[in-house]
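**Q** here you go, sequence then predicted model.
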Amino acid sequence: MKVVIIGGVAGGATAAARLRRLDENAEIVLLERSSYISYANCGLPYYVGGVIQDREALTLQTPERFRARFNIDVRVRHEAVALHPERRTVTVRRLEDGGEYEESYDKLLLSPGAKAVRPPLPGAEDPRVFTLRTVEDTLALREYIDARHPRRAVVVGGGFIGLETAENLVHAGAAVTLIQLDGQVMPPLDYDMAAQLHGYLRQQGVDLRLRESVTALTPHSAGLTAHLQSGGTVEADLVLLAIGVTPETHLAREAGLALGMKDAILVNDRMQTSDPHIYAVGDAVQVRQFVSGRDALIALAGPANKQARIAADNICGRDSIFRGTQGASVLKLFDMTVASTGLSEKAARAAGIPCDAVITFSASHAAYYPGATDMTIKTLFDPQTGRILGAQIVGFEGVDKRIDDLSIAIRARMTAADLAELELAYAPPYSSAKDPVNMAGFVIENLRAGLVQQVQWHEYEQLPRDGSVTFLDVRTDEEWAQAPMPAGTVHIPLDALRGRLAELDSGKKIYVNCYSGLRSYLACRILMQHGFRCKNLAGGFRFYQQIQCDRGFDATPRHPCGATI
């Protein structure tokens with residue numbers, strides 16, 4: 001059997017190695033148009049900022065090592081320029097001399113990946129305008145930084161690459177302006193969770209411009225002028241375009257293979273295309289979102305590696321199935337960690353899936369043990385069944401551990417009751433006896449059992465302020481003095497509540513808040529058992545204030561409020 005693989009990195013190189021492990025006698029040819037067959041794509045921004053110093057560390061396998069270990073015919077600087085499914089050949093161009101030849105195959109694996117979107121902006125062809133997708137991109141940007149020491153940088157796009165590169169440009173000494181078309185960075189998150197990132201980015205000195213876009217770039221001897229849709233300008237010594245990627249599928253399209261959304265390659269659950277002799281994996285293929293079951297494009301290294309293994313299995317006659325991806329991801333942002341898995345609220349709404357969410361505020365480990373930091377956890381669930389649908393976490397320590405727990409829960413179709421029962425490792429330096437994942441399960445189960453009702457921040461701000469309902473704050477006197485709620489809010493500290501119930505009107509619904517949502521829950525339990533109707537503000541005053549601060553800052557760039565994470 002002869003297998004030709006087009007493209008290396010996560011998909012192609014992984015498939016090639018798996019094929020060899022399964023079939024020692026197969027003839028395997030790997031074609032890669034760059035000089036690198038396997039590299040740490042996710043590590044590229046950290047080389048830009050000098051966190052990773054050794055450029056060789058980015059290369060996971062050299063062609064020589066890969067060839068020696070796996071006996072694979074590795075051909076770098078060889079570009080596939082046409083597919084011929086009818087005769088099972090590929091036209092290949094040698095980039096060193098431009099010569100072309102045809103390569104035959106029994107099975108073909110496509111792993112072309114995705115390419116950085118480069119919009120037709122006037123001035124975008126200037127050499128000081130970069131993208132960051134390949135090793136070559138990274139080396140060019142790092143060489144420019146080392147040679148020119150830029151003082152000002154504009155990053156266009158607030159996704160993974162944009163945020164990671166913005167951080168690393170700050171580490172490299174540049175003042176960074178980050179421009180994002182949407183009203184938030186990190187599209188996998190819901191806005192209320194992304195708002196915490198906005199405040200933190202501003203604290204780190206990043207000039208964050210939301211709901212803004214670049215319309216043109218004007219090069220000049222001193223740098224570049226970025227012209228904004230709002231009418232303003234930003235001066236820069238370099239510009240990074242990080243506005244997303246698009247599947248690189250022109251070969252598949254020209255060969256007549258079936259394509260899906262955004263021209264991604266359609267594959268079945270065995271990674272087989274519309275041609276039974278051709279398989280495809282990675283960022284170029286359309287996949288199924290595991291929770292919603294909807295078609296999706298999810299460009300992540302983990303799913304690409306799994307798809308490559310599954311394709312290799314099926315090429316070798318093994319029965320292996322890809323069951324979809326839930327998009328589990330994690331991001332380091334300066335000292336902060338941001339992670340998500342499964343559905344967001346906006347994704348659940350788009351898919352027509354019933355969904356509710358709880359916001360919990362938990363310490364990364366036992367609060368009495370030194371060094372504990374807080375995490376904000378948003379857990380999404382089906383209100384009827386309690387099934388966990390998604391999770392988002394923002395914090396500084398322990399975030400990756402909890403998102404992995406919740407990711408497993410989603411994959412196993414677990415419910416909130418299952419989260420409450422999970423037995424997770426505990427010692428004071430690592431967790432609490434009631435782990436933050438357990439706490440999310442407890443809160444959801446309390447809601448589903450009717451022990452408490454909640455109101456989300458966007459519902460809270462729409463409530464009438466005409467005296468028809470009561471707003472109750474149960475924080476301490478000191479907390480209230482530092483940050484009072486709006487006029488008309490009744491303030492009774494939790495520990496004094498039982499003795500002051502007569503101050504509340506039992507005929508009005510009461511909306512209760514505290515700092516994190518815990519004491520207001522306790523207050524609701526007291527009130528409900530004394531005949532009052534009440535709802536708890538999800539996430540508490542802290543969460544609500546961060547969102548209000550962000551919205552105020554967005555509306556007024558010099559807004560004095562600085563959200564404290």
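**A** Received the coordinates, thanks.

**Q** show me what contacts the residue sitting furthest away from the middle of the chain?
**A** Distance to the chain centre peaks in the chain at Ala502, reaching 48.3 Å (criterion: Cα atoms, centre = their mean). Ala502 makes no contacts at all, as judged by Cβ atoms under 8 Å, 6 or more residues apart in numbering. All C-beta spots, glycine's among them, are computed from the backbone N, C-alpha and C.

**Q** would it count as being in a helix?
**A** Yes - checked against DSSP: H, G, I helix; E, B strand; the rest coil, Ala502 lies within a helix.

**Q** from Val512, how far out is it?
**A** According to Cβ to Cβ, to the nearest Å, Ala502 stands 17 Å off from Val512.

**Q** any idea how many residues pack against Thr138?
**A** 24 (other Cβ atoms under 10 Å).

**Q** you'd agree it is up against Tyr46?
**A** No - between Thr138 and Tyr46 there is no contact under Cβ atoms under 8 Å: 9.6 Å.

**Q** quick check, Ser274 in contact with Leu259.
**A** No - here Ser274 does not reach Leu259: they are 9.1 Å apart, not a contact under Cβ under 8 Å.

**Q** list the residues that contact both of those two?
**A** Contact criterion Cβ under 8 Å, 6+ apart; residues shared by Ser274 and Leu259: Leu266.

**Q** element containing Glu479?
**A** helix 477-482 (DSSP states H and E).

**Q** contacts for that helix next, please.
**A** Residues from elsewhere that reach helix 477-482, judged by Cβ under 8 Å, 6+ apart: 473, 491, 493, 515.

**Q** that helix: how far from the chain's middle?
**A** 36 Å (Cα atoms, centre = their mean, to the nearest Å).

**Q** what's around the closest residue to Thr225 other than its chain neighbours, how many residues?
**A** Nearest non-adjacent residue to Thr225, counting by Cβ to Cβ, 6 or more residues apart in numbering: Thr218, 4.3 Å away. For Thr218, the count of nearby residues is 13 (other Cβ under 10 Å).

**Q** now swap in Ala264 and tell me
**A** Neighbours of Ala264 under the rule other Cβ under 10 Å: 23.

**Q** cool, and the one 3 residues further on?
**A** Using other Cβ under 10 Å, the number of residues around Val267 comes to 26.

**Q** please apply the same query to Arg465.
**A** Neighbourhood size, Arg465 [other Cβ under 10 Å]: 12.

**Q** now do the contacts for Lys306.
**A** Applying Cβ under 8 Å, 6+ apart, the residues near Lys306 are Phe322.

**Q** just the pLDDT for it.
**A** We have a pLDDT of 95 for Lys306.

**Q** for it, give me phi and psi.
**A** Dihedral angles of Lys306 (phi, psi; degrees, to the nearest 10) stand at phi -70, psi -40.

**Q** how far away is it from Asp269?
**A** Distance of Lys306 to Asp269, computed by Cβ to Cβ: 12 Å.

**Q** list the contacts of stretch 400-418.
**A** Stretch 400-418 is touched from outside by 290-291, 326, 328, 330, 337, 339-342, 375, 377, 379, 381, 385-391, 393, 419, 422, 424, 435-437, 440-441, 444-445, 448, with contacts defined as Cβ under 8 Å, 6+ apart.

**Q** a strand runs through Ser34, doesn't it?
**A** No - Ser34 sits outside any strand when classified using three-state DSSP, being coil.

**Q** quick check: phi and psi at it.
**A** Per-residue torsions, Ser34: phi -90, psi -170 (degrees, to the nearest 10).

**Q** check Ser230 too.
**A** phi -70, psi -10.

**Q** repeat that for the one 10 residues further on.
**A** Note on Leu240: its backbone torsions stand at phi -110, psi 120 [degrees, to the nearest 10].

**Q** next one: Arg525
**A** phi -60, psi -40.

**Q** measure it to Leu447 for me?
**A** Distance of Arg525 to Leu447, given as Cβ to Cβ: 13 Å.

**Q** out of the two, which sits in the more crowded spot?
**A** Set Arg525 next to Leu447 and count neighbours by other Cβ under 10 Å: Leu447 wins out with 21 against 15.

**Q** pLDDT wise, what is that one at?
**A** On the pLDDT scale, Leu447 gets 96.

**Q** so it is in contact with Asp356, correct?
**A** Yes - the pair Leu447 / Asp356 is scored as a contact, 7.3 Å apart, by Cβ under 8 Å.

**Q** intersection of neighbour lists for those two?
**A** When contacts are counted by Cβ under 8 Å, 6+ apart, Leu447 and Asp356 are jointly contacted by Pro383.

**Q** mean confidence score for stretch 456-476?
**A** 94.

**Q** would you mind writing the CA trace of it as PDB?
**A** Extracted in PDB, the C-alpha atoms of stretch 456-476 (Å, rounded to 0.1, in the frame of the first residue of the first chain):
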ATOM      1  CA  GLN A 456     -28.500  37.000  35.700                       C
ATOM      2  CA  TRP A 457     -26.700  40.300  35.400                       C
ATOM      3  CA  HIS A 458     -28.500  41.300  32.200                       C
ATOM      4  CA  GLU A 459     -31.900  40.600  33.700                       C
ATOM      5  CA  TYR A 460     -30.900  42.400  36.900                       C
ATOM      6  CA  GLU A 461     -30.200  45.700  35.200                       C
ATOM      7  CA  GLN A 462     -33.600  45.500  33.400                       C
ATOM      8  CA  LEU A 463     -35.600  45.300  36.700                       C
ATOM      9  CA  PRO A 464     -37.900  48.200  37.500                       C
ATOM     10  CA  ARG A 465     -36.500  50.800  39.800                       C
ATOM     11  CA  ASP A 466     -40.000  52.300  40.700                       C
ATOM     12  CA  GLY A 467     -40.200  50.700  44.200                       C
ATOM     13  CA  SER A 468     -42.300  47.700  43.000                       C
ATOM     14  CA  VAL A 469     -39.500  45.300  44.000                       C
ATOM     15  CA  THR A 470     -36.900  45.400  46.700                       C
ATOM     16  CA  PHE A 471     -33.100  45.300  46.100                       C
ATOM     17  CA  LEU A 472     -31.300  43.900  49.100                       C
ATOM     18  CA  ASP A 473     -27.500  44.000  49.700                       C
ATOM     19  CA  VAL A 474     -26.200  41.700  52.400                       C
ATOM     20  CA  ARG A 475     -22.500  42.600  52.300                       C
ATOM     21  CA  THR A 476     -20.800  43.900  55.400                       C
END
